[in-house]
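S.K.: Below are the sequence and a predicted model; questions follow.
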Amino acid sequence: MNSGKGQTMWGGRFAATPSAIMNEINASLDVDRRMAQEDLAGSRAHADMLAEMGILSVADNEAIQGGLDAISAEMRAGMFPFRPELEDIHMNVEARLKELIGEPAGRLHTARSRNDQVVTDFRLWTRGALEETSHLVTALQGALVRRAGDNVATFMPGFTHLQTAQPVTLGHHLLAYAEMLERDRTRLLDCAVRLNESPLGAAALAGTGFPIDRDMTAEALGFARPMANSLDAVGSRDFALEALSTLSIAATHLSRLAEEIVLWTSPQFAFAVLPDEWSTGSSIMPQKRNPDAAELIRAKASLITGLFSALQGAVKALPLAYAKDLQDDKRLTFEAFDTYNLCARAMAGMVDTIRFKPEAMLAAAGKGYSTATDLADWLVRELGLPFRDAHHVTGRIVALAEEKGVELAAVSLGDMQKVHSAITEDVFNVLTVEASASSRTSYGGTSPVRVAEQVAQWKQRLRLE
Ligand code: ARG
């Protein structure tokens, strides 16, 4: 680094070095060092291409590749001398390369800018992260499907408005989340397909006059093709916005399940107990078992949405092409992935080990006149009543039950016949929780037969067992 005053690589025209605070606000090494491997890969591909095109001598390329290998080894060994005063990972690598191989290092940046370099690294990193996160989603789906398989005939109240609605099966409830997560997973993979174009070779913003081969670097880095517009290549971050919005939706799903765990494990519901490994105690109230991980997942879902919003705010008013605002894209994106991944792991742990209480669920499922719809359906089916009339008749029977303080199945036949004289003993067959849930055999419905089919399909899809 003999480029003018001080330690910077761009200091040729500067008489003084940046102030300490300028360095502090400008540096991104603490964040972008996570892209070290991607940076090395990008540089290898770029140097190979320069050599292939005769822009770099074969000897210089060999020196550069050897130096990059040495740097990679230093990083693996934890020996790489990271220097925050060199601002970012790109300049750290280049400066170290210069120390290791001397003059050829200065030729690596030919026909390249940090603007295309950084976004190439960032696309590569995000591509890998999307893939990794999609596997965590699959693992959580596996946990849900296994627990659903054990609970195809575990009955519980289904809710709308959090009011008891109709009995459902726990397996059905858990598989609803497996479905939601499948959309999350495929959204993540969709992002990875769309982001997979190479910005490398866009240089600072306008392309370069050197006879580079952008197809060659794109292919070497596993991109489908080079990006067609250099301004777009260095200035766009919608790939990161898309990833963050997808994570935000995915985290929202985790948060809903987390909320259910909080409810189910409360003494008022008592549908489930989290094992010690997934509970915390209170420092003052000895009886407490707190579902902290579920609560934190709930809170972190908003954090991820906030990270998306912060990046959107950084991008929305930026004129083309690159501006330093974009440096913070990585901090936000890394944090969003780290946060979601932690939440997905914690959720998988809870789903794996939560102890359900089938008796409590069954008892709750019978409360709140949950089989009233079954009574109305019976009136339609057996007595030929129009549904609206059946609804009215049932409403009157529910009111009667309420008056007497009993559940529907405990209303006497005589009392029912006072409301509608044609009702027979047969009606009691449809008023149990089991009969109600088991009768819902329509495709996608809650009956144990349908749920068992769905579990089997899921197990096949996820290659479980
Ligand atoms: N550290 C910078 C970033 O992450 C690299 C790009 C710098 N480009 C520039 N024109 N100063 O965005």
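M.R.: Alright, I've got the coordinates. Residues are numbered from 1 along each chain as shown.

S.K.: so for stretch 50-68, what's the average pLDDT?
M.R.: Mean per-residue pLDDT for stretch 50-68: 98.

S.K.: for stretch 397-408, same thing?
M.R.: 94.

S.K.: for residue 230, what are its contacts?
M.R.: 116, 201-203, 205-207, 321 (C-beta atoms under 8 Å, 6 or more residues apart in numbering). Every residue, glycine included, has its C-beta placed from N, CA and C.

S.K.: Make a PyMOL selection of the buried ones in those.
M.R.: Of the contacts of residue 230, the buried ones can be selected in PyMOL as follows, counting by 16 or more other C-beta atoms under 10 Å:
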select buried, resi 116+201+202+203+205+207+321
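
S.K.: Just send the contacts of residue 230 back as JSON lines, with secondary structure too.
M.R.: As requested, the contacts of residue 230 are exported to JSON lines (DSSP: H, G, I helix; E, B strand; the rest coil):
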{"residue": "116", "secondary structure": "helix"}
{"residue": "201", "secondary structure": "coil"}
{"residue": "202", "secondary structure": "coil"}
{"residue": "203", "secondary structure": "coil"}
{"residue": "205", "secondary structure": "coil"}
{"residue": "206", "secondary structure": "coil"}
{"residue": "207", "secondary structure": "coil"}
{"residue": "321", "secondary structure": "coil"}
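
S.K.: quick one: which two of the contacts of residue 230 are the most distant?
M.R.: 201 and 321 (14.2 Å; C-beta to C-beta).

S.K.: Stretch 181-198: how far from the chain's middle?
M.R.: 11 Å (C-alpha atoms, centre = their mean, to the nearest Å).

S.K.: List the buried residues of it.
M.R.: Applying 16+ other C-beta under 10 Å to stretch 181-198 flags 181-182, 184-185, 187-188, 191-192, 195-198 as buried.

S.K.: Show me what counts as buried in the host helix or strand of residue 338.
M.R.: Using DSSP states H and E, residue 338 falls within helix 329-353. Within helix 329-353, the residues that count as buried by 16+ other C-beta under 10 Å are 329-337, 339-341, 343-344, 346-352.

S.K.: Same question for stretch 49-65.
M.R.: 49-51, 55-56, 60-61, 63-65.

S.K.: May I see those residues arranged in JSON lines, with distance to the ligand as well?
M.R.: Compiled in JSON lines, these are given as follows (distance: C-beta to the nearest ligand atom, whole Å):
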{"residue": "49", "distance to the ligand": "20"}
{"residue": "50", "distance to the ligand": "20"}
{"residue": "51", "distance to the ligand": "25"}
{"residue": "55", "distance to the ligand": "22"}
{"residue": "56", "distance to the ligand": "22"}
{"residue": "60", "distance to the ligand": "24"}
{"residue": "61", "distance to the ligand": "24"}
{"residue": "63", "distance to the ligand": "25"}
{"residue": "64", "distance to the ligand": "20"}
{"residue": "65", "distance to the ligand": "23"}
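
S.K.: Go ahead and confirm residue 111 touches residue 56.
M.R.: No - look at residue 111 against residue 56 with C-beta atoms under 8 Å: they stay out of range, at 9.4 Å.

S.K.: what's the overlap in contacts for these two?
M.R.: By C-beta under 8 Å, 6+ apart, the residues touching both residue 111 and residue 56 are residue 50.

S.K.: which stretches of the stretch 251-400 of the chain have low pLDDT?
M.R.: Scanning the stretch 251-400 of the chain for pLDDT under 70 picks out no residues.

S.K.: In it, which residue sits nearest the ligand?
M.R.: residue 327 (3.7 Å; C-beta to the nearest ligand atom).

S.K.: In this structure that residue contacts residue 28, no?
M.R.: Yes - Residue 327 lies in contact with residue 28 (C-beta under 8 Å); the separation is 5.1 Å.

S.K.: list the residues that contact both of these two?
M.R.: Counting by C-beta under 8 Å, 6+ apart, the common neighbours of residue 327 and residue 28 are residue 88.

S.K.: can I get the contacts of residue 230 in CSV with distance to the ligand?
M.R.: Formatted as CSV, the contacts of residue 230 follow (distance: C-beta to the nearest ligand atom, whole Å):
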residue, distance to the ligand
116, 9
201, 16
202, 12
203, 11
205, 9
206, 13
207, 16
321, 10
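
S.K.: any chance you could map the strands in this structure?
M.R.: Using DSSP state E, the strands of the chain run over residues 155-160, 163-169, 197-198, 225-226, 272-273, 355-356.

S.K.: Which elements pack onto the third one?
M.R.: With contacts defined as 3 or more C-beta pairs under 8 Å, 6 or more residues apart in numbering; DSSP states H and E, strand 197-198 has these neighbours: helix 114-149, helix 214-220, strand 225-226.
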